[in-house]
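Visitor: I would like the atomic coordinates for the input below:
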Amino acid sequence: MTKLVCLALAVVLSVAASAVAGRTEPLQPAFDEESTRDQFVTPATISGPLDGENPADDWRADNWFEPANPIEVFADPEEGSGTAPLTAAPRRMIYDTAVTATRLAPVDGFAVSDVDLRSTLIIPVFIKGSPLRLVLGGGTTMITAPASINVPSQLYNFTAEVRCLIPLRETWAVDLGAGGGLFSDLSGSVGDGFRVTGRAIFIKEVNPQFKYSFGVLYLGRKNLPAMPVAGLIYTPSDDYKLELLIPRPRVMRRFAMTGSCEHWGYFGVEIFGGNTWAIQQSNGAQDTFIYKDNRIIAGYEAKVPGGFAGRIEAGYVMSRQVSFTNDPTTFTPGGTMMLRAGLSY
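Guide: Numbering: from 1, shown residues only. Sure, this is the predicted structure:
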C-alpha cells in the first residue's frame with residue numbers, strides 16, 4: 001500500500017503541475033531536455049543556463065509582476081462597455097513538467113522498464129535577481145532478472161533539489177544546487193536509500209553562438225559519488241547545434257518547420273548511465289543494487305517554443321553491469337536495444 005500511495009502522489013504532482021502551468025514566459029534552462037532523457041542519472045544531471053535562460057532579464061525581483069492585458073468587463077451592451085485597468089499578473093510559477101518512459105529490451109534474461117515524472121516550481125526568493133527553483137521528481141523502475149540475481153522487481157525514486165542560477169559578471173554565471181533523493185524498493189531498506197545530491201557548475205558565454213561550462217555534480221551513488229562536468233555548446237546557425245558536453249554529447253539539426261513547431265533530429269552518446277537503489281533481498285538481507293551502462297542514441301523531437309515538446313529515441317545500450325554492495329554476485333548482460341519516449345510542457 002505504501003508503494004502505491006507514494007507512486008500516486010508523484011503522478012498527481014506531475015499532472016497538477018501540467019494543469020496549472022501558464023506558459024507566459026519562455027524560461028528554458030539549458031539541458032532540461034537532457035534531464036528528461038535518462039532516468040538513471042536523475043536528479044543529478046547536467047543543467048545550467050547555457051541555452052536560453054537569462055535571469056537578469058526574465059526574473060528580476062522588481063519585475064516579478066507585470067501588467068496584464070486589458071480585459072473586457074462589460075459584456076452586456078445595455079450596461080455599457082469598457083476595459084478593466086491594468087493589473088499585476090504573476091509570472092508562471094510552474095514549468096518544465098515532463099514524463100518519460102524507457103524500455104531496455106531483454107537480453108540474457110535481464111530487462112529494464114521505467115517511467116519518470118518531473119516538474120519545477122519557481123520560488124520568489126531572489127539572489128542577485130535570480131529566483132530559487134525547486135525541482136521535484138518521482139518514478140518507478142521495473143526489473144526483470146534471472147533467478148540468480150536477487151533484486152526486487154520494482155524500484156522507486158523520489159527527488160527534490162533547490163537550485164539557483166547566480167550571475168557573477170556580465171558573461172559569467174554559476175548554477176548551484178543542493179537536494180536529496182530516496183532510491184529504494186520502499187521495503188525495510190528505505191532509510192539506506194536516502195542520498196544527498198548537489199552541483200556547482202560555472203558557465204561562460206563567449207558570444208551568442210559559443211558557450212562553455214565546467215564544474216562538478218555530487219551524485220551520492222555507491223559506485224559514483226561525484227562526477228566532473230565539462231563541455232561547450234556551439235550554435236553556428238538556427239538549424240544546427242553542437243552540444244559537446246560530458247556526460248551527454250550530441251549533434252542536433254533542425255530539418256523542418258510546421259507553423260511554429262520545430263522538428264529536430266539528433267545523434268548522441270550517454271555515458272556514466274546507471275543508478276543505485278537500497279533494496280531488501282528475498283532472504284531479508286539489506287543491500288544496494290548497482291546498475292550501470294553506456295548508450296548510443298538517435299532521436300527525433302518536435303517542439304513548440306514555450307509549449308509542448310515530444311520526443312522519441314532509439315539506441316544501443318552497452319557496457320552493462322549489475323552488482324551489489326554486500327552480495328558478491330555480479331552480472332554482465334549483453335548489449336541491448338533501447339526505446340524511449342517523452343512529453344514535456
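
Visitor: Low-confidence regions, this protein specifically.
Guide: 1-92 (pLDDT under 70).

Visitor: ranges for the helices of it?
Guide: Secondary structure of the chain by DSSP state H: the helices cover 2-20, 32-37, 55-58.

Visitor: Thr171 reaches Val206, doesn't it?
Guide: Yes. With contact defined as Cβ atoms under 8 Å, Thr171 reaches Val206; the gap is 7.4 Å. C-beta: built from backbone N, CA, C; applies to glycine.

Visitor: what sits in contact with each of those two?
Guide: Residues touching both Thr171 and Val206 by Cβ atoms under 8 Å, 6 or more residues apart in numbering: none at all.

Visitor: Next one: Pro225 from Val216, what distance?
Guide: In this view, Pro225 and Val216 are 11 Å apart by Cβ to Cβ, to the nearest Å.

Visitor: Of the two, give the one with the bigger neighbour count.
Guide: Val216 (15 against 10; other Cβ atoms under 10 Å).

Visitor: Would you tell me which strand is longest in the chain?
Guide: Taking DSSP state E as the assignment, the strand of the chain that covers the most residues is strand 261-280.

Visitor: and that strand, which residues are buried?
Guide: By 16 or more other Cβ atoms under 10 Å, the buried positions in strand 261-280 come out as 262, 264, 266, 268, 270, 272-280.

Visitor: do stretch 240-250 as well
Guide: Lys241, Leu242, Glu243, Leu245, Ile246, Pro247, Arg248, Pro249, Arg250.

Visitor: List the contacts of the last one.
Guide: By Cβ under 8 Å, 6+ apart, the residues touching Arg250 are Glu243, Tyr266, Phe267, Gly268, Val269, Ile297.

Visitor: burial of Ala98, as a residue count?
Guide: Using other Cβ under 10 Å, Ala98 is surrounded by 24 other residues.

Visitor: and Ser213, how far is that from Asp238?
Guide: Between Ser213 and Asp238 the computed distance is 22 Å (Cβ to Cβ).

Visitor: which of those two has more neighbours?
Guide: Neighbour count, other Cβ under 10 Å: between Ser213 and Asp238, Ser213 has more, with 25 against 9.

Visitor: what bridges to the nearest residue to the more buried one once chain neighbours are set aside?
Guide: Distances taken as Cβ to Cβ, 6 or more residues apart in numbering place Ile203 nearest to Ser213, at 4.9 Å, with adjacent residues excluded. Taking DSSP bridges as the rule, Ile203 bridges to Ala173, Ser213.

Visitor: what's the distance between Ile203 and Arg248?
Guide: Taken as Cβ to Cβ, the span from Ile203 to Arg248 is 16 Å.

Visitor: Which parts of the stretch 51-200 of the chain are strands?
Guide: Ranges of strands in the stretch 51-200 of the chain, per DSSP state E, counting those that start in this stretch, are 65-67, 88-90, 94-107, 110-127, 130-144, 154-169, 172-184, 194-207.

Visitor: before we move on, what about the stretch 201-345 of the chain?
Guide: Taking DSSP E, counting those that start in this stretch as the criterion, the stretch 201-345 of the chain carries its strands at 210-218, 226-237, 240-246, 250-258, 261-280, 286-303, 309-324, 336-344.

Visitor: The fourth one pairs with which strands, and in what direction?
Guide: Each strand that pairs with strand 250-258, with its direction, by DSSP bridges: strand 240-246 (antiparallel), strand 261-280 (antiparallel).

Visitor: so can I have JSON lines of the strands of the stretch 201-345 of the chain showing distance to Leu165?
Guide: Formatted as JSON lines, those follow (distance: least, Cβ to Cβ, whole Å):
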{"stretch": "strand 210-218", "distance to Leu165": "12"}
{"stretch": "strand 226-237", "distance to Leu165": "15"}
{"stretch": "strand 240-246", "distance to Leu165": "17"}
{"stretch": "strand 250-258", "distance to Leu165": "22"}
{"stretch": "strand 261-280", "distance to Leu165": "23"}
{"stretch": "strand 286-303", "distance to Leu165": "22"}
{"stretch": "strand 309-324", "distance to Leu165": "21"}
{"stretch": "strand 336-344", "distance to Leu165": "19"}
